[in-house]
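Participant: got a structure for you, letters missing:
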């Protein structure tokens, strides 16, 4: 079965705990459930992965290169967005549709958050749509996959 890989970076496992005024009340398990339900509705498997470690995220992205069932990657690099050229390089090595997602509107936050070094390795960036941004990203992956005619 075709699969969408969703990769979450540092502190995303603390959804519903940290900075609720920015990230909302819903916890990480709620997000995973949303993603799983959306995948089911789209007719694809979802794999959700979270790590607070840059190298583990890179390893996961590199492993996705070899998994031919993966049709797209949705990634919220968290704070790595702003400085991880290593994650950028790993994303460049994955030849499926990639969408960078941010729960908050990074353009309305601290100056350092306005710059993403990882977005140029992706096909699209979605920010400021809350957890629903993940679902929008999955829709984008599916549309791109259908356009390629690989189904």
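Facilitator: Yep, that arrived. Here the structure is a predicted model, which means the values were calculated and not measured.

Participant: backbone torsions only: list them for residue 127.
Facilitator: Dihedral angles of residue 127 (phi, psi; degrees, to the nearest 10) stand at phi -150, psi 150.

Participant: which residues in this protein form helices?
Facilitator: Along the chain, the stretches classed as helices by DSSP state H are 20-23, 28-42, 54-66, 85-92, 132-148.

Participant: which helices and strands does the last one pack with?
Facilitator: Where contact means 3 or more Cβ pairs under 8 Å, 6 or more residues apart in numbering; DSSP states H and E, helix 132-148 is packed against strand 3-8, helix 28-42, strand 70-76, strand 97-102, strand 124-127. No exception for glycine: its C-beta is placed from N, CA and C like everyone else's.

Participant: same check on the third one?
Facilitator: Helix 54-66 makes packing contacts with strand 3-8, strand 70-76, helix 85-92 when contacts are defined by 3+ Cβ pairs under 8 Å, 6+ apart.

Participant: out of these, flag the one nearest residue 149.
Facilitator: strand 70-76 (12.1 Å; Cβ to Cβ).

Participant: for the closest residue in space to residue 78 that isn't next to it in sequence, give me its contacts.
Facilitator: Sequence neighbours aside, residue 9 is the residue nearest to residue 78 in space, at 3.2 Å (criterion: Cβ to Cβ, 6 or more residues apart in numbering). Contacts for residue 9 were tallied using Cβ atoms under 8 Å, 6 or more residues apart in numbering; they are 50, 51, 52, 57, 75, 76, 77, 78, 79, 80, 81.

Participant: if you set the cut-off to 10 Å instead, what comes out?
Facilitator: 49-54, 56-57, 75-81, 84, 87, 118 (Cβ atoms under 10 Å, 6 or more residues apart in numbering).

Participant: do the same with residue 3
Facilitator: 39, 44, 45, 46, 47, 64, 67, 68, 69, 70, 71, 72.

Participant: any low-confidence regions in this protein?
Facilitator: The model of the chain has pLDDT under 70 over residues 150-151.
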